[in-house]
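# Quick one, what's the 3D model for this:
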Amino acid sequence: MKRFKLSNVLSLVSRPENVQPDKTYKLLGVHWYAKGLYIKDVRKGHEIKAKKLYKVEKGDFVYNRLFAWKGSFGLATEEVAGCYVSNEFPCFQFSNSDPEYILWLFKDEEMWDRCSELSKGSTSISRKRLKVEKLLSLDVPLPDLQQQNTLSEYFQAVESTVHILKGQLNERSKIITDLRQSILNQAVQGKLVPQDPNDKPASVLLEKIKEEKDRLVKEKKIRKQKVLPLIEEEEIPYEIPEGWEWVRFGDVCRIVSNLVDPKEFLFLVHVAPNHIEKSTGKLIDLELVSEAGLRSKKHKFNPGQIIYSKIRPNLSKLTIVDFEGVCSADMYPIDVFINNKYVANYMLSSYFINLVTKNDNRVAMPKVNQDELNKVIVPLPPLKEQKRIVAKVDQLLSLCDQLEEQLKVSEQNTEKLLQAVLHEAFQSEETKEAVEV
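Modelled structure (predicted):
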């Protein structure tokens, strides 16, 4: 397959217009990875700093000079015809070529690497620009028009297959998510492990917790708790096994407030809601206080506590920490007087999520305050049963983790499929012939 300079098939086109203060302009951006153009903003002329904008018409080939290395290329469709770009977005018209085929060239990761090598600018890669003359100097495999059309149809068929595979994988991912939730819900209903009549009932455990709290109050280690309301029958969502008790969250947990200046704890770990994976309690991408650049006061937490995000409680951002650190003021460090893993499992269940979100009408920033959290009802099993439940949940959720890892491998292979096809078509030895000017 012969190779030609892009200047053989792309011609720069410019439709400049002076910005009018009272005119409304639809401004375009170009998605990374050659995923097309989109309307990123709508502004009046007086809100735009530039004196000139450039009109885009249907069929234009457009790229972002700053992000060519990220595959920021696209074809203008009917939906964006008549919209505008800045001078950072050169536009081209095609000649003697299939526009879809040319776009497929720019969906190849190898092309992004070549664009990166040709981009010049500051030391920061995000400020390197690919100039028009450098783009047009790129040599590409260019068969006859009929073969371009055939290849475009083939690539489209492969991409459609990839979309179908991704959809199937997404469905499997949802099934695993539902399975996780089912395991947690069964656990906190007493349906996951058998009850043992020899276990001391939860009422005995409650008496011990009360004694422990009284001792801590007497030693002035904690404050005396406000009296929590009795649990009404209409609050109870399901029947629990014999030996269990319905209690308030505040009966078995204590929300701790320990605000500190983070600058005094630079080498402790900082935990914010974005460091906790949604609905699993797994910690991700942790950083030290010194790395986070924190300024405002944060809560200091201790090993064994549950850290719970009061913001957007429907996301179930909570984790058990086994280290000392500081957390966002939008999070609660929680002391637990029973098995902390059992409490965490309950807090991840849909029953708990429904209870903490049912009365919140704040659309922009839903949150749960301390009083609301302390009043949430909790199904309390005997202490030994809590341990059996936790062990079984750990075992079953570990299997879910394995299934998710297998899915991730499948997703990665699916992502590589289209790139492998493009690489074979554009980068194989057969396509690496002499360049014709």
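
# could you pull out the helices for the chain?
Counting by DSSP state H, one finds helices in the chain at the ranges 99-105, 109-118, 132-136, 145-188, 202-218, 249-252, 289-292, 340-348, 350-357, 370-375, 383-427.

# Minimum distance to S316: which of those has it?
Among these, helix 340-348 comes nearest to S316, with 5.3 Å by C-beta to C-beta. For glycine as for every other residue, the C-beta is placed from the backbone atoms N, C-alpha and C.

# Only C-alpha atoms, please: export the closest one in CSV.
What follows is helix 340-348, C-alpha atoms only, in CSV (Å, rounded to 0.1, in the frame of the first residue of the first chain):
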residue,chain,number,x,y,z
ASN,A,340,-16.4,-2.9,63.2
LYS,A,341,-16.5,-5.0,60.0
TYR,A,342,-20.1,-6.0,60.7
VAL,A,343,-21.1,-2.4,61.1
ALA,A,344,-19.2,-1.5,57.9
ASN,A,345,-21.0,-4.3,56.0
TYR,A,346,-24.4,-3.0,57.2
MET,A,347,-23.5,0.6,56.2
LEU,A,348,-22.7,-0.7,52.7
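
# Any idea how far it is from the middle of the chain?
Centroid separation between helix 340-348 and its chain, computed with C-alpha atoms, centre = their mean, to the nearest Å, is 23 Å.

# before we move on, what about stretch 373-389?
Centroid separation for stretch 373-389 versus its chain: 31 Å, with C-alpha atoms, centre = their mean.

# By neighbour count, which bits of that stretch are buried? Give me those.
Applying a neighbour-count criterion of 16 or more other C-beta atoms under 10 Å, the buried positions in stretch 373-389 are 373-383, 385-386, 388-389.

# Let me know the closest of these to I176.
Set against I176, the nearest of those by C-beta to C-beta is I389 (20.6 Å).

# I'd like the average pLDDT over stretch 294-314.
Throughout stretch 294-314, pLDDT has a mean value of 94.

# So which bits of that stretch are buried?
Neighbour counts over stretch 294-314 (16+ other C-beta under 10 Å) mark 294, 298-301, 305-310, 312-313 as buried.

# mind putting these in JSON lines, distance to C115 included?
As requested, the buried residues of stretch 294-314 are exported to JSON lines (distance: C-beta to C-beta, whole Å):
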{"residue": "L294", "distance to C115": "38"}
{"residue": "K298", "distance to C115": "43"}
{"residue": "H299", "distance to C115": "46"}
{"residue": "K300", "distance to C115": "48"}
{"residue": "F301", "distance to C115": "46"}
{"residue": "Q305", "distance to C115": "49"}
{"residue": "I306", "distance to C115": "48"}
{"residue": "I307", "distance to C115": "43"}
{"residue": "Y308", "distance to C115": "45"}
{"residue": "S309", "distance to C115": "40"}
{"residue": "K310", "distance to C115": "45"}
{"residue": "R312", "distance to C115": "39"}
{"residue": "P313", "distance to C115": "44"}
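
# ok, back up a step: for the helices of the chain, which one sits closest to V9?
When the helices of the chain are compared by C-beta to C-beta, helix 99-105 sits nearest V9, at 6.5 Å.

# Residues contacting that closest one, please?
Counting contacts by C-beta atoms under 8 Å, 6 or more residues apart in numbering, the residues outside helix 99-105 that touch it are 9-10, 34, 59, 61, 73-75, 94, 111, 140-141, 148-149, 151-152, 155-156, 422, 426.

# now do 6 Å
Here helix 99-105 makes contact (C-beta atoms under 6 Å, 6 or more residues apart in numbering) with L75, M111, V140, Q148, S152, F155.

# Quick one: neighbours of the first one, just the number.
Yep, that's L75 we're talking about. 19 (other C-beta atoms under 10 Å).

# what bridges to it?
Residues in a beta bridge with L75, per DSSP bridges, are F61.

# For R43, see how far away it is.
Separation of L75 from R43 (C-beta to C-beta, to the nearest Å): 24 Å.

# again, but for I102
On the measure of C-beta to C-beta, I102 and R43 end up 31 Å apart.

# More neighbours: the two, which one.
I102 (21 against 14).

# what's the distance between the more buried one and Y38?
Noted for I102: a distance of 20 Å to Y38, by C-beta to C-beta.

# same question, E372
Using C-beta to C-beta, E372 is found at 40 Å from Y38.

# Those two: which is more packed in?
Neighbours were counted for E372 and for Y38 using other C-beta under 10 Å; E372 has more, 16 against 13.

# just checking, G74 touches Y33?
No. G74 is beyond contact range of Y33, at 10.1 Å (criterion: C-beta atoms under 6 Å).

# Neighbour count: those two, which is higher?
Between G74 and Y33, counted using other C-beta under 10 Å, the more crowded position is G74 (24 against 13).

# Quick check, pLDDT for that one.
On pLDDT, G74 comes in at 97.

# Ok, I125 next?
Looking at I125, the pLDDT reads 55.

# Equivalent analysis for Q225, please.
Model confidence at Q225, expressed as pLDDT, equals 89.

# ok, it to V252 distance?
Distance, Q225 to V252, by C-beta to C-beta: 11 Å.

# Settle it for me: which of these two has more neighbours?
More neighbours surround V252 than the other of Q225 and V252, with 22 against 12 (other C-beta under 10 Å).

# The more buried one touches I338, doesn't it?
Yes. Taking contacts as C-beta under 6 Å, V252 lies within contact range of I338: 5.0 Å.

# Can you give me the neighbour number for the spatially closest residue to K26 that is not a sequence neighbour?
Excluding its sequence neighbours, the residue lying closest to K26 (C-beta to C-beta, 6 or more residues apart in numbering) is C83, at 4.2 Å. Other residues near C83 number 20, with proximity taken as other C-beta under 10 Å.

# now C83: how far from N96?
Counting by C-beta to C-beta - C83 and N96 are separated by 27 Å.

# Done for today, thanks.
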